[in-house]
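Enquirer: Predicted model follows, preceded by the sequence.
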Amino acid sequence: MDSMRKVDVVPDDHPANKDVEIRLMPSGSETKTLVRLFGGQGTLIVNSWSPDSSQLAFVSYRFKD
């Protein structure tokens, strides 16, 4: 199970200089990291649907304590 720390985020702000992971998260299966990137503002900031609208791709920034 994935979890994230709750943080105060301004809706029009984008975290800069953060590690970004593109992950496959099948329903009922273990999460698999496909690629790790270093990104920030403007890095994959829009959720994307597959052509048949059956899958959603999104970015999640994880913050360390």
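Expert: Cool, got the structure. Bear in mind the structure is a predicted one, so any value in this text is a computation, not a measurement.
Enquirer: alpha carbons only for contacts and neighbour counts from here, please
Expert: Fine.
Enquirer: ok, Ser50 - contacts?
Expert: Ser50 sits next to Leu56, Ala57 when contact means C-alpha atoms under 8 Å, 6 or more residues apart in numbering.
Enquirer: tell me the phi and psi of it?
Expert: phi -70, psi 160 (degrees, to the nearest 10).
Enquirer: Need the distance between the two termini of stretch 23-32.
Expert: 6 Å (C-alpha to C-alpha, to the nearest Å).
Enquirer: Start the count at 145 instead of 1 going forward.
Expert: I'll keep to 145 as the first residue from here, and by that count the last item is stretch 167-176.
Enquirer: and that stretch, what's its mean pLDDT?
Expert: Across stretch 167-176, the average pLDDT comes to 82.
Enquirer: Check the gap between Leu181 and Val164 for me.
Expert: With C-alpha to C-alpha as the criterion, Leu181 and Val164 are 5 Å apart.
Enquirer: what helices or strands is the one helix or strand Arg167 maps to leaning on?
Expert: In this structure, Arg167 is located in strand 162-168 according to DSSP states H and E. Judged by 3 or more C-alpha pairs under 8 Å, 6 or more residues apart in numbering; DSSP states H and E, strand 162-168 is in contact with strand 176-183.
Enquirer: Mind listing the strands the strand it packs on pairs with, and their directions?
Expert: Strand partners for strand 176-183, identified by DSSP bridges, are recorded as strand 162-168 (antiparallel).
Enquirer: Please point out which parts of the strand it pairs with sit buried.
Expert: Lys162, Val164, Glu165, Ile166, Arg167 (16 or more other C-alpha atoms under 10 Å).
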